[in-house]
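A.B. asks: Fold the stuff below for me.
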Amino acid sequence: MTLVLDAGGISAFAGDLERLVALRQRLDRPPLVPVVVLVEALTGDHRRDHATNRLLRLCEIRSVDQVLARDAARLRTLTGRAGTISATDAIVAAFADRQHDPVIVTSDAKDLIALAEHAKRPITINAV
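C.D. replies: The predicted structure is shown next:
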């Protein structure tokens with residue numbers, strides 16, 4: 001299983017870091033976070049971002065390239081809701097679509113489920 005976190009997943013685990021530490025011990029690799037998710041997860045104020053930054057140290061932050069962005073645009077368009085689904089959610093789904101046995105942890109399951117329906121491989125969505 002490859003855990004992929006969006007901003008909602010980061011927020012949920014930042015409030016319960018022990019839960020992520022326990023989960024991480026069962027995983028082969030650290031949870032993955034596409035870099036664009038940081039825009040939604042952080043405020044830029046190190047005092048307010050303290051818990052989130054502690055959590056992010058346990059994760060692997062991954063870059064987004066043009067190919068991934070184009071895959072995200074394709075998924076977003078295929079939902080028929082491109083105007084209402086965020087680009088960040090589309091990138092998270094496209095990123096997960098490239099992973100082995102991907103599980104996205106999110107607070108926005110509705111949009112990610114819609115995106116995952118058009119992915120090339122099955123993506124599990126866990127709402128928090």
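A.B. asks: Could you use CA atoms for every contact and neighbour count after this?
C.D. replies: Fine.
A.B. asks: Quick check: Leu55 touching Ala14?
C.D. replies: Yes. Leu55 lies in contact with Ala14 (C-alpha atoms under 8 Å); the separation is 5.6 Å.
A.B. asks: any idea how far Glu40 is from the residue located most distally from the centre of the chain?
C.D. replies: Within the chain, the residue lying farthest from the chain centre (C-alpha atoms, centre = their mean) is Arg47, at 23.2 Å. Noted for Arg47: a distance of 16 Å to Glu40, by C-alpha to C-alpha, to the nearest Å.
A.B. asks: got it, and Asp89?
C.D. replies: From Asp89 across to Glu40, the span is 11 Å (C-alpha to C-alpha).
A.B. asks: Compare the two (neighbour count), which wins?
C.D. replies: In this view Asp89 and Glu40 are compared by other C-alpha atoms under 10 Å, and Asp89 has more residues nearby, 22 against 12.
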